[in-house]
Each structure stands twice: as structure tokens, then as C-alpha cells.
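Undergrad: Sequence and computational prediction follow.
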Amino acid sequence: MPPTEWSPQSWQERPAEQQPSWPDRAELDRVLKELAGMPPLVFAGEARRLRGQLAEVAAGRAFLLQAGDCAESFTEFSADNIRDKLRVILQMAVILTYAAGVPVVKVGRIAGQYAKPRSAPTERVGDLELDSFRGHMVNDDLPDPAARRPDPKRLVTAYQQSASTLNLVRAFTMGGFADLSQVHQWNQQFVAASDEGRRYEQIAGEIDRALRFMAACGIDLGAEATLHQVPFYTSHEALILGYEEALTRRDSLTGDWYDCSAHMVWVGERTRQPEGAHLEFLSGVHNPVGCKIGPSVTADELLDICARLDPDRVPGRLTLISRMGATAVTETLPPLLEAVRDAGHPVVWACDPMHANTITSDGGRKTRRFDDILLELKGFFEAHRQVGSYPGGVHVELTGDDVTECLGGLGDILEDQLHLRYTTTCDPRLNARQSIDLAFRVAELLRG
Ligand code: PEP
Ligand code: CO
């Protein structure tokens, strides 16, 4: 296909996978026009700041923690829910910073993660053959044909809900909740009583002592903004391209285009076709962008993706999120690491140890084994060690709640317990205890 002149709508000339069949085109156009007139959710300068921090990751001087829901929900939307998710991400970041001694760049799968790609267009629920649930930005997850009809008005709700989520995230992270003196407060009750919680509490105690020591030495801790405020960035899969286009704005300072729906956006394993609409869209926005890569990707295909998304070889511009599977990672990843290094792309390499390790339990629930997740992480770090590249980050699905969605962990969730608190609308997430345990394991791998 001949190269097109990029514009926020040039993706429309390309084949776009995973787009809903909106029943009413006129209604969709009206909604997209409305969105195009709404204020941006994030600012170009913030996205540039994140790009700069990811450049530090690419250079091996920082670590990326990207975490949050598989699919955010319109119905499970509350301040407590957002606070608890932030808590566990802040805890993980503290563990990584303290135990591995690296600055951690914190990016949530939050404030916009409302659209889901699906492997099949329909799914069976009991006796019903239903259109697949595609995220609350598109349709509802209820097992009812009417609920599964794509409704463009949901795009506006997604925007509004992203705006209120972002407002809370900003208030929590800049307004005192993320203050380092609050480290004990982040440990939720059900976590504090567990082995993982006690291990965390120990670090929190050491941080307290270090802060008291510095204060006793006469350092004015109140004046140190970095102790009281935490830069926290938002990200989601840029799936529904009409929505992303409507929120794409030209930065008045640089004249460059930014997708102002989130600081970082990524393209998924099912929509990363080099000639496809999603890559075309991402290629022209100046946000830091990500691309998931699964075991089927070839080195040539990956280099094609890198050339399109990072033609100027800008550090921190591109994050490659590897999701190969617990056993496949050892074989598949090293040649890809070499190919990207030899082509001179200063990318961030992150490991998503979740999406290629999804299984169906005997009871028919989608789940993941905590041990498989750890195994993929280990393989990811080993592959980098072998090649001499830097394992720059992790990308995980989690919640602050005490859910029973992934098997194993120190709390040893068993197959017949999955139904107890299984609340995800899409993929199984780590609960708070499993997330904290995972952070300790990653810190060990990083210290390696
Ligand atoms: C996801 O991140 O929720 C997802 C669908 O991932 P992938 O594109 O890697 O399958
Ligand atoms: Co998922």
C-alpha cells in the first residue's frame, strides 16, 4: 500500500480489525462530533514528560510498572475502587524502588481502558449465542442480546468516566494520599495480615526510619515535593479508532498531534498488523506508544512495526510489550531482542506475563496460574540477560480487591474457590496479595 499522508483520520483508509458494527451510523457520527468538541483528558506536555521518563527506562536507569484492570467497568465505578487500585500500584512501586533501587515509572491501565478486542465475534452463555462483550465503551456484559448491541452513547460515558477517574487519580497522587509518609496506609487490612503484607510492612517501617533519620539530620522533608507527590500516568489500548481520533488534538506549543485520551496508548496483539489501521493511527500521534507482541510475531514483522512506530529512533517513544507464554518466552524472545537492538531502536521492553497464560478452569472460568505468570517473568529476565538487553518493565492486570480470579499465590487460590469472588468483566486479575508478591519477585529478578 502506498504511504499515505498521516492525519488523525488517515487510519480510515486502512483495514481496521475489531471495530464494532455500530447499528446506527448517523448516531455514531453525531457522538464522535460531540467528543471532538470536548476538552482533552491529558495534555501534550504530560505525554512528553512520560516519554522522557520512558527514555530513562530504555536506557536502563528506571523501571516501568504498567498495571490496572483488564477492562474498566461502568458499573463498578467508585472512589473506593479507584483508591484501592492506586494503593496496590503504589505499594508495588515502593517495593520495586526500595528492593531493587531503581526509579519506577507508574502507568495505570486506567481512566480509559473500556474497550476489548475479542478472539471470537460471538460467545455462548448457557443456551444463548450472544455477540461478544467488547468493553463498556461499546456494549454491556449482561448475557442478553439487547445488552450486547453496540451503543455509540457509551463512547461519551467512557469519556466522562475517564475524566472523573483521572480527576480522582490526580487528587490522590498529588494531594497527599501518595505521600511517602503514608506507606503504611496503603496496606489494606486483608493484606496486612498476610505474609506478603508483613513483608511489605517491613519495607514501610524501614522507609519510616529513613525519613526520620533525614529529618533528624536537618533535611527539610516538607520542601521535597518528590516525597509528597507521585507522577502517575494513564494508558489504555487504542482500540476504537473513532474515539481516539476524536480526542486527537494538535499541540499548540510544538504543532504535533497528540492522542489526548491518555498519556500512553498501545495497540494489542490482535490489531498490530503493520499495514492496518491501528498502526497507521499510532504512527502519527506523538504520545509514547506501546505494541503487544505474541509468540507468532516474526523478526521481520517486528522490525516493520518498529520502523512505522519509531522511524526516528526516539528513546522512550516505543514500548514493546512481550506476551509470549510461560514456556515459549525462552525460545521466542531472544532473537527478537537481538533484531530490535541491531536495528537501533531504543525501545522499552516490558513483560506482560498474563495474556498468553490464560486457561479455562474445570468449572469453565477463564483463569491464570500465578506460577505460570512468575515463570514467564523469569524467562523474560533470562532472555534479556542472555542477549545483554535491559528488561525494562512489567505490564499486569490487577485489582485492589480481594478477588479470586487467578490460581495460586501464597493465599493458594484453588479451582473450586474461583467462583467465590470472581468479579472481572473480562480477564482474570491478580488480587492485592498476589500483586504485592509479584512485585517482590520482580524486584528479586531485577537485582538478579
Ligand atoms: C489486554 O491487554 O487486555 C489484551 C487484550 O492483550 P493482548 O492484546 O496482548 O491479547
Ligand atoms: Co486482558
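TA: Good, I have the coordinates. No experiment lies behind these values; they were computed from the predicted model shown. Ligands and ions are numbered 1, 2, ... in the order given.
Undergrad: and residue 309, what does it touch?
TA: 279, 282-283, 289, 291, 317-318 (C-beta atoms under 8 Å, 6 or more residues apart in numbering). For glycine as for every other residue, the C-beta is placed from the backbone atoms N, C-alpha and C.
Undergrad: separation between it and residue 290?
TA: 9 Å (C-beta to C-beta, to the nearest Å).
Undergrad: Quickly list what's touching both of those two.
TA: residue 318.
Undergrad: rewinding a little: could you identify the most distant pair in the contacts of residue 309?
TA: Based on C-beta to C-beta, the longest span within the contacts of residue 309 runs between 279 and 317 and measures 13.8 Å.
Undergrad: Keep the contacts of residue 309, but drop any that are not near ligand 1.
TA: Checking those against ligand 1 by C-beta under 6 Å from any ligand atom, not one of them is in range.
Undergrad: OK, contacts around the closest residue to ligand 1 within the chain?
TA: Residue nearest to ligand 1 within the chain: residue 268 (2.9 Å; C-beta to the nearest ligand atom). Shown in contact with residue 268 (C-beta under 8 Å, 6+ apart): 18, 117, 237, 239, 292.
Undergrad: got it, and residue 214?
TA: Neighbour list for residue 214: residue 221 [criterion: C-beta under 8 Å, 6+ apart].
Undergrad: 10 Å - rerun?
TA: By C-beta atoms under 10 Å, 6 or more residues apart in numbering, the residues touching residue 214 are 220-221, 224, 227.
Undergrad: Tell me the one of those residues nearest ligand 2?
TA: residue 227 (33.9 Å; C-beta to the ion).
Undergrad: Could you report the pLDDT at that closest one?
TA: pLDDT for residue 227: 92.
Undergrad: Point out the residues in this protein that sit beside ligand 2.
TA: 70, 427 (C-beta under 5 Å from the ion).
Undergrad: Now tell me which helix or strand of the chain has the poorest mean pLDDT.
TA: helix 189-192 (a mean of 87; mean pLDDT, DSSP states H and E).
Undergrad: Contacts for that helix, please.
TA: 87-88, 91, 184, 197-198, 200-201, 400-402, 411, 431-433, 435-436.
Undergrad: tell me which element the residue nearest to the spatial centre of the chain is part of?
TA: The residue lying closest to the centre of the chain (C-alpha atoms, centre = their mean) is residue 109, at 3.7 Å. Using DSSP states H and E, residue 109 sits within strand 104-109.
Undergrad: Which strands or helices does the next helix or strand after that strand pack on?
TA: Downstream of strand 104-109, the first helix or strand assigned by DSSP H and E is strand 122-125. Helices and strands touching strand 122-125, by 3 or more C-beta pairs under 10 Å, 6 or more residues apart in numbering; DSSP states H and E, are strand 128-131.
Undergrad: Could I get the buried residue list for the strand it packs on?
TA: If you call a residue buried by 16 or more other C-beta atoms under 10 Å, then strand 128-131 has these buried ones: 130-131.
Undergrad: same thing with stretch 11-31?
TA: Here stretch 11-31 shows 11, 14, 16, 18-20, 22, 28, 31 as buried, counting by 16+ other C-beta under 10 Å.
Undergrad: Please tabulate those in CSV, including the columns distance to ligand 1, pLDDT and secondary structure.
TA: Output for those, formatted as CSV (distance: C-beta to the nearest ligand atom, whole Å; pLDDT from 0 to 100; DSSP: H, G, I helix; E, B strand; the rest coil):
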residue, distance to ligand 1, pLDDT, secondary structure
11, 18, 98, helix
14, 18, 98, coil
16, 15, 98, coil
18, 10, 98, coil
19, 15, 97, coil
20, 16, 97, coil
22, 21, 96, coil
28, 23, 98, helix
31, 24, 98, helix
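Undergrad: how about those residues, which pair is most distant?
TA: Maximum distance among the buried residues of stretch 11-31 (C-beta to C-beta): 22.1 Å, for 14 and 31.
Undergrad: Look at the residue of the stretch 101-250 of the chain found nearest ligand 2 and say how many residues are nearby.
TA: In the stretch 101-250 of the chain, the residue that lies nearest ligand 2 is residue 116 (7.3 Å; C-beta to the ion). Number of residues near residue 116 (other C-beta atoms under 10 Å) recorded here: 22.
Undergrad: what do you get for the one 10 residues further on?
TA: In terms of burial, residue 126 registers 7 neighbours under the definition other C-beta under 10 Å.
Undergrad: ditto for residue 220
TA: With other C-beta under 10 Å as criterion, residue 220 counts 8.
Undergrad: Tell me the pLDDT of it.
TA: 94.
Undergrad: that older thread, so which of the contacts of residue 309 are in strands?
TA: Here DSSP state E is the test, and those give 289, 291, 318 as lying in strands.
Undergrad: what's across from residue 236 in the sheet?
TA: Beta-bridge pairing of residue 236 under DSSP bridges involves residue 265.
Undergrad: List just the nearest of the buried residues of stretch 11-31 to ligand 2.
TA: residue 18 (13.5 Å).
Undergrad: The residue nearest to the closest one when sequence neighbours are not counted: what's it in contact with?
TA: Excluding the flanking residues, the one nearest residue 18 by C-beta to C-beta, 6 or more residues apart in numbering is residue 117, at 4.5 Å. Residues counted as contacts of residue 117 (C-beta under 10 Å, 6+ apart) are 17-18, 132, 134-135, 237, 239, 267-271, 278, 292.
Undergrad: What's the ChimeraX line that selects buried ones from those residues?
TA: Selecting only the buried entries of the contacts of residue 117 in ChimeraX, with 16+ other C-beta under 10 Å as the criterion:
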select :18,132,134,135,237,239,267,268,269,270,271,278,292
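Undergrad: Narrow the contacts of residue 117 to those in helices?
TA: With helices defined by DSSP state H, the entries of the contacts of residue 117 inside them are residue 278.
Undergrad: Pull the host helix or strand of residue 243 out as CSV, backbone CA atoms only.
TA: Secondary structure assignment for residue 243, by DSSP H and E: helix 241-246. The C-alpha trace of helix 241-246 is given here as CSV (Å, rounded to 0.1, in the frame of the first residue of the first chain):
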residue,chain,number,x,y,z
LEU,A,241,-10.2,4.3,16.5
GLY,A,242,-13.2,6.7,16.0
TYR,A,243,-12.9,7.6,19.7
GLU,A,244,-9.2,8.0,19.7
GLU,A,245,-9.4,10.2,16.6
ALA,A,246,-12.0,12.4,18.2
